[in-house]
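J.: pasting the sequence and the predicted model now:
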Amino acid sequence: MTVLRETWIVFNRAMRLSLRNPMWSILMLSQPLMYLFLFGPLLKPITAQISEGATTNAYQVFIPGLIVQLGMFGAMFVGFGLIAEYRAGVIEADRVTPASRMALMAGRVLRDVVVLVAQSALLLVAAIPLGLRAPWKGVLLSLVIVALLGATFASLSYSVALITKSEDALAPLLNGIAMPLLLLSGILLPMQIGPTWLQRLSDISPLKHVVNGVRAMFRGEVASSPALWGLFWVVLLTVVGLTVGARTFKKESA
């Protein structure tokens, strides 16, 4: 109960900071919205081809990739904020408190998850007038997946930030990881339409299976093999991310 209370205190502080300066959250949402309005309509004539006949709704193919992208990129760069707090002496102040090191990380991660789920919900609402139609069960499960992805990448981002303590080192490292993940996950277009060698190469990316799972959920196939595999991979990634983040936070904040 003490850890939960301390997590809530850290979350409240982090959430207040985000609400006082919402520009970062707005900027992170602007990119998926531009993809939605400027790229999404281009997929309508080729929906049957890119979905292999699974659906005639282009946004059932495109929106799942966008919300996975939001969950990934929206959390991947939160470590920059932690570096700023480190330089401002906030982390040093945290170290002298009796608060649990797990709570210091969990409160920040919870803030990031709440922001990402809110952004994803707004993105889904914006897609409805454009033609998005999806069962509510699939939509709710997709928001759960966004929350888990956010927790995963936020924890890992904080870990790397605590280790590097430098924006100059963090930026190229994250960008070097983000680009292959984006290209091999099938976020913008399903990997099934690519050549065989590219499909086999993309199989090593867990995010490809997550994206395929969310697309299956948007078609109403919540108990299908792609959906279950997507849930499996996102849960596994979350466990790994939270474990690494907790250990790094305890070690660096000791």
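T.: Happy to help now that I have it.
J.: quick one: pLDDT of the residue of the chain positioned farthest from its centre?
T.: The C-alpha centroid of the chain is most remote from residue 96, which lies 31.5 Å away (CA atoms, centre = their mean). Residue 96 carries a pLDDT value of 75.
J.: tell me who's in contact with it.
T.: Listed by CB atoms under 8 Å, 6 or more residues apart in numbering, residue 96 has no contact partners. C-betas here are computed from N, CA, C, even on glycine.
J.: for it, phi and psi?
T.: Backbone geometry at residue 96, expressed as degrees, to the nearest 10, gives phi -90, psi 0.
J.: one more: the one 4 residues further on?
T.: Phi and psi for residue 100, reported as degrees, to the nearest 10, are phi -60, psi 140.
J.: skipping adjacent residues, who's closest to it in space?
T.: residue 3 (4.8 Å; CB to CB, 6 or more residues apart in numbering).
J.: ok, then the element right after whichever helix or strand the one you found is part of?
T.: Using DSSP states H and E, residue 3 maps to helix 2-20. Per DSSP H and E, the first helix or strand lying C-terminal to helix 2-20 is helix 23-34.
J.: gap between that next one and the chain center?
T.: What separates the centre of helix 23-34 from the centre of its chain is 13 Å, taken as CA atoms, centre = their mean, to the nearest Å.
J.: same thing with stretch 237-246?
T.: For stretch 237-246, the distance to the chain centre is 14 Å (CA atoms, centre = their mean).
J.: same check, this time on stretch 108-127
T.: Using CA atoms, centre = their mean, the offset of stretch 108-127 from its chain centre is 9 Å.
J.: what's that stretch in contact with?
T.: So stretch 108-127 is contacted by 7, 10-11, 14-15, 18, 25, 28-29, 32-33, 36, 40, 59, 63, 66-67, 70-71, 74-75, 78, 82, 132, 139, 142-143, 146-147, 149-151, 154-155, 158, 242, 245 (CB under 8 Å, 6+ apart).
J.: could you list which of those belong to helices?
T.: Applying DSSP state H to the contacts of stretch 108-127, the entries found in helices are 7, 10-11, 14-15, 18, 25, 28-29, 32-33, 59, 63, 66-67, 70-71, 74-75, 82, 139, 142-143, 146-147, 149-151, 154-155, 158, 242, 245.
J.: which of these are buried? Put it as a ChimeraX command.
T.: Only the buried entries of those go into this ChimeraX selection, using 16 or more other CB atoms under 10 Å:
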select :7,10,11,14,15,25,28,29,32,33,59,63,66,67,70,71,74,75,82,139,142,143,146,147,149,150,151,154,155,158,242,245
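J.: show me where the stretch 151-254 of the chain has its helices.
T.: Using DSSP state H, counting those that start in this stretch, the helices of the stretch 151-254 of the chain run over residues 167-184, 196-202, 206-218, 225-252.
J.: chain center to stretch 81-94: distance?
T.: Its chain's C-alpha centre and that of stretch 81-94 lie 24 Å apart, by CA atoms, centre = their mean.
J.: what about that stretch, start to end distance?
T.: 15 Å (CA to CA, to the nearest Å).
J.: buried residues in that stretch, which are they?
T.: 81, 82, 83, 85, 86, 91, 94.
J.: let's have those in a markdown table, adding distance to residue 237.
T.: Below are the buried residues of stretch 81-94 laid out as a markdown table (distance: CB to CB, whole Å):
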| residue | distance to residue 237 |
| --- | --- |
| 81 | 22 |
| 82 | 20 |
| 83 | 24 |
| 85 | 25 |
| 86 | 26 |
| 91 | 26 |
| 94 | 27 |
